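Student: Sequence and predicted structure below; questions after.
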Amino acid sequence: MSSSSIPNPLPASFLRGGTSKGIFLNKSNLPADKSQWDRIFLGIMGSPDPEYSRQLNGMGGGVSSLSKICVVGSPTPLQKEKGIDVEYTFVQVGIRDSSIDYSGNCGNLSSMIGVFAVDQGICTPHVIGTHLTVRSFNTNTSKIIDTTFPVSSSDPRTALLDSPETEIAGVPGKASTIVLEFVNPAGARTGKLLPTGSSLDHLTILPSQESNERTVRCSCIDATNPTVFVSYSDLAEFLPIAEYIEGKPTDVAMTLEQIRRAAAVKMGLDPAAQAQPKIAILRAPHTDYDQTQGVDIVIHALSMGVLHKAVPMTVGLCVGVASNIRGSLAWEICQEPNGSEAGMVRIRHPGGLVDVGAEFGEGGEVKSAKVVRTGRRLMEGVVWW
């Protein structure tokens, strides 16, 4: 497909998955030459927008959770032999700049890949009872993700998304339950669950406004997406971390980015790629609400350098895995269970609560990571780029 023959507008769907929204495109409508994709995606989202950061010329919403695209297509013959129904590529689009990041996956939007694939007729997997499971292959991380959701009883089978079954933090009202399960999620980017070879590392940094170096503990875990975990109590010893989380002006973000970049180097990742690894601040439960709700761990995650209003779901799933890794910061905090379901970890994030689970094999390998999401069809039509 030549540049002049690329349709404009393109067929597209606008969907909510979990606490994110994004444009879903059928791969068959895009040029085979992927070098032409970037300018299309930037045009769709209205990027770059260096002056206002609002993406008003496109479908983006000025924050990372609303500047996302999923390209969904048929699996290869080899993938079909392995039981894969659909493959997809996740795209994180920059807001102020022209960055296009293919390095990681989005857990929230992954929950709607199966729905979109069925709607588009990309796959027709077998229905078991009232539910359907779609097995997808994520090209960013070369990992398999299963989504299970209710479907109609009449042909053609369609996803039923509006049953009042589940409410997730950050989204008003109840909707149908979508079970999102990452199969063998370890080493999504680096090929290793522990990219540095250790569950706990020490980094030497020079915080802004200080003349002396500091040593910071961190856990570098790669499950669903690579993430750098740091301790709230450790950071509070030399940073105004409480003020930062409250949204007050501080230089904390600069120090966190320094930590993230240093950890990226230890993990063998590109420190300049802002989308991967992510960084998250972990804290032990400390409020009456935490106690009454059975919270196991509190998290404040950053996405593209900005505090997330909830939690990126791949980061939440990574916490669920990390809490089972002896010696990690998450494991230290979760040693005292607070009443959550066995095998599950209850996380409190700025938007509310989420329960995540991880299943380990006898040899210590991570077999799966699981979470419940909801989703909604918002629009189907065409999008100009």
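Tutor: Sure thing, it's come through.

Student: which residue ranges form the helices in the chain?
Tutor: Using DSSP state H, the helices of the chain run over residues 37-45, 77-81, 107-110, 113-119, 232-236, 241-245, 252-267, 288-293, 313-322, 329-333.

Student: Throw those into JSON lines and include mean neighbour count and mean pLDDT, thanks.
Tutor: For glycine as for every other residue, the C-beta is placed from the backbone atoms N, C-alpha and C. What follows is the helices of the chain, written out as JSON lines (neighbours: other C-beta atoms under 10 Å; pLDDT from 0 to 100):
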{"stretch": "helix 37-45", "mean neighbour count": "20", "mean pLDDT": "98"}
{"stretch": "helix 77-81", "mean neighbour count": "11", "mean pLDDT": "95"}
{"stretch": "helix 107-110", "mean neighbour count": "28", "mean pLDDT": "96"}
{"stretch": "helix 113-119", "mean neighbour count": "26", "mean pLDDT": "97"}
{"stretch": "helix 232-236", "mean neighbour count": "18", "mean pLDDT": "96"}
{"stretch": "helix 241-245", "mean neighbour count": "17", "mean pLDDT": "96"}
{"stretch": "helix 252-267", "mean neighbour count": "19", "mean pLDDT": "96"}
{"stretch": "helix 288-293", "mean neighbour count": "13", "mean pLDDT": "94"}
{"stretch": "helix 313-322", "mean neighbour count": "30", "mean pLDDT": "94"}
{"stretch": "helix 329-333", "mean neighbour count": "23", "mean pLDDT": "96"}
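
Student: would you list those in CSV and tack on distance to Pro156?
Tutor: Shown next, in CSV, are the helices of the chain (distance: least, C-beta to C-beta, whole Å):
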stretch, distance to Pro156
helix 37-45, 28
helix 77-81, 20
helix 107-110, 23
helix 113-119, 9
helix 232-236, 50
helix 241-245, 48
helix 252-267, 45
helix 288-293, 41
helix 313-322, 29
helix 329-333, 43
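
Student: Relative to Ile6, which of the ones you listed is closest?
Tutor: Closest to Ile6 of these, according to C-beta to C-beta: helix 37-45, at 7.0 Å.

Student: Using CSV, list the CA coordinates for that closest one.
Tutor: Extracted C-alpha coordinates of helix 37-45, given in CSV (Å, rounded to 0.1, in the frame of the first residue of the first chain):
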residue,chain,number,x,y,z
TRP,A,37,2.5,3.8,10.7
ASP,A,38,4.0,6.5,13.0
ARG,A,39,2.7,9.5,11.1
ILE,A,40,-0.8,7.9,10.9
PHE,A,41,-0.9,7.3,14.6
LEU,A,42,0.4,10.8,15.4
GLY,A,43,-2.3,12.3,13.2
ILE,A,44,-5.0,10.2,14.8
MET,A,45,-4.1,11.3,18.3
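
Student: which other helices and strands contact that helix?
Tutor: Applying 3 or more C-beta pairs under 8 Å, 6 or more residues apart in numbering; DSSP states H and E, one finds that helix 37-45 makes contact with strand 10-17, strand 68-73, strand 86-93, strand 100-101.

Student: try it again with 7 Å
Tutor: Applying 3 or more C-beta pairs under 7 Å, 6 or more residues apart in numbering; DSSP states H and E, we find helix 37-45 packed against strand 86-93.

Student: still on that earlier bit, figure out which of the helices of the chain is closest to Phe90.
Tutor: Distance to Phe90, taken as C-beta to C-beta, is lowest for helix 107-110 among these, at 6.6 Å.

Student: ok, the residue lying closest to Val321 once chain neighbours are set aside to Ser111 distance?
Tutor: Spatially, and ignoring its direct neighbours in sequence, Val321 is nearest to Ala223 (4.0 Å; C-beta to C-beta, 6 or more residues apart in numbering). Distance, Ala223 to Ser111, by C-beta to C-beta, to the nearest Å: 17 Å.

Student: How about Pro172?
Tutor: 17 Å.

Student: What of Ile145?
Tutor: Going from Ile145 to Ser111 by C-beta to C-beta gives 9 Å.

Student: quick one: common contacting residues for those two?
Tutor: Common neighbours of Ile145 and Ser111, using C-beta atoms under 7 Å, 6 or more residues apart in numbering, are Leu180.

Student: can you map out the strands along the stretch 101-250 of the chain?
Tutor: With DSSP state E, counting those that start in this stretch as the criterion, the stretch 101-250 of the chain has strands at 127-128, 131-138, 143-150, 178-183, 201-205, 214-223, 225-231.

Student: Of all those, which one is nearest Gly327?
Tutor: Nearest of the strands of the stretch 101-250 of the chain (C-beta to C-beta): strand 214-223, 8.2 Å.
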